[in-house]
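1. what follows is a predicted protein model with its sequence.
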Amino acid sequence: MKRPSHKTPAFVLHFLNYGESDRIVTFFTREFGKLKGIAKGARRSRKRFCNAIEPFSHSTVLFSRRDENSLAIIEGCDVINHYPQIRADLGRTMTASYLIELADRFTAEGKRSSATFHLLDNFLGLLERGNGLEETTRFFELRLLKLSGYDPVLERCILCNTPFDKIDTALFDAARGGIRCSQCDMGNQNGIPISAGTIKTLLMGKNIETDRMPRLILSDNALRESRQIFRHFIHYILGKEPKSLRVLDEISGMG
Ligand SMILES: [Zn+2]
């Protein structure tokens, strides 16, 4: 039986070396969602694979497979963007790895998600063009959460609907997926304080066009609060901390 061939833009999520010269690669494709395949001779054939099979590389992938459940045969890759500026900088490289890991964890196998694909494309582009690492990370997290059905409720108290700018001390409640006001606190100490200023900036960043993103700068306070909240919320949803976050922490500690 002949295997149908397909061509699609894709990002490398991760890979492992297999045998003497092959690689098993997991791509995040625009048309087919996550795709796992074997790239035979990937470590030898520079002609067919060039430097396409490296973490977060963006390329057009040519593959064939018997059906949706079988391992794809990766026939070749054409690099669209290898992100030289990101790769030249450790902080940028680790941030890109974190975005890739999140995209991986928040998408299901074989399920097409072109919105998440475009998000990744836009935000790796921002990183490549030198956008702030923390801003890029926070707004990526926020938008990915929204696309994945976990849009955090920041506009108003999730219990009594008081608007955020009328709340004295808002607390972010990961279990409820939004902020609570002090009236609805009910002695529950689990929330993380978040100021109205931080909420305002996050709400702007949720909907602003990507081209205008570089104008959006988070204050030190907004950086600290949003970092803590997203970290906690993502950990809560995934049930564990993303692996690349630890490396990112170590790098920030060095800086
Ligand atoms: Zn309330």
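-> That came through, no problem.
2. every contact and neighbour count from this point should use C-alpha atoms.
-> OK.
3. which pLDDT value belongs to Gly187?
-> Each residue has a pLDDT score; the one for Gly187 is 69.
4. hang on, Phe34 is in a strand, isn't it?
-> That one is not Phe; residue 34 is Lys. Yes - under DSSP: H, G, I helix; E, B strand; the rest coil, Lys34 falls within a strand.
5. number of residues surrounding it?
-> 22 (other CA atoms under 10 Å).
6. correct me if wrong: it contacts Gly110.
-> Yes - between Lys34 and Gly110 there is a contact under CA atoms under 8 Å: 5.2 Å.
7. Ser148 contacts Phe106, doesn't it?
-> Yes - counting by CA under 8 Å, Ser148 does reach Phe106; the two are 6.6 Å apart.
8. and these two? which has more neighbours close in?
-> Higher neighbour count among Ser148 and Phe106: Phe106, with 17 against 14, using other CA under 10 Å.
9. for stretch 51-66, buried residues please.
-> 51-53, 55-65 (16 or more other CA atoms under 10 Å).
10. hmm, I was thinking of stretch 38-46
-> Under 16+ other CA under 10 Å, the buried positions of stretch 38-46 are 38-43.
11. those helices in the stretch 1-150 of the chain, which residues are they?
-> Ranges of helices in the stretch 1-150 of the chain, per DSSP state H, counting those that start in this stretch, are 46-49, 84-87, 90-105, 114-128, 133-147.
12. give me the mean pLDDT for stretch 39-52.
-> Mean pLDDT, stretch 39-52: 81.
13. over to stretch 120-140?
-> 95.
14. buried set for that stretch?
-> Those would be 120, 123-128, 131-132, 134-140, for stretch 120-140 by 16+ other CA under 10 Å.
15. in the chain, which residue is closest to the centre?
-> The C-alpha lying nearest the average C-alpha coordinate of the chain belongs to Leu99 (CA atoms, centre = their mean; 3.3 Å).
16. for it, give me its contacts.
-> 120, 137, 140 (CA atoms under 8 Å, 6 or more residues apart in numbering).
17. dump the residue contacts of the first one.
-> Residues near Leu120 by CA under 8 Å, 6+ apart: 99-100, 103.
18. now pLDDT and distance to Asn81 too, for these, in CSV please.
-> As requested, these are arranged in CSV below (pLDDT from 0 to 100; distance: CA to CA, whole Å):
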residue, pLDDT, distance to Asn81
Leu99, 97, 16
Ile100, 97, 15
Ala103, 97, 18
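19. up against the ion, what does the chain have?
-> For the chain, the residues in contact with the ion (CA under 5 Å from the ion) are 157, 160, 181, 184.
20. now list the buried members of those.
-> If we count by 16+ other CA under 10 Å, the residues of the chain next to the ion have these buried: 157, 181.
21. where in the chain is pLDDT low?
-> 1, 187-189, 253-255 (pLDDT under 70).
22. determine the longest helix present in it.
-> Identified as the longest helix of the chain according to DSSP state H is helix 220-238.
23. give me the number of residues near Lys7?
-> What Lys7 shows, counting by other CA under 10 Å, is a neighbour count of 15.
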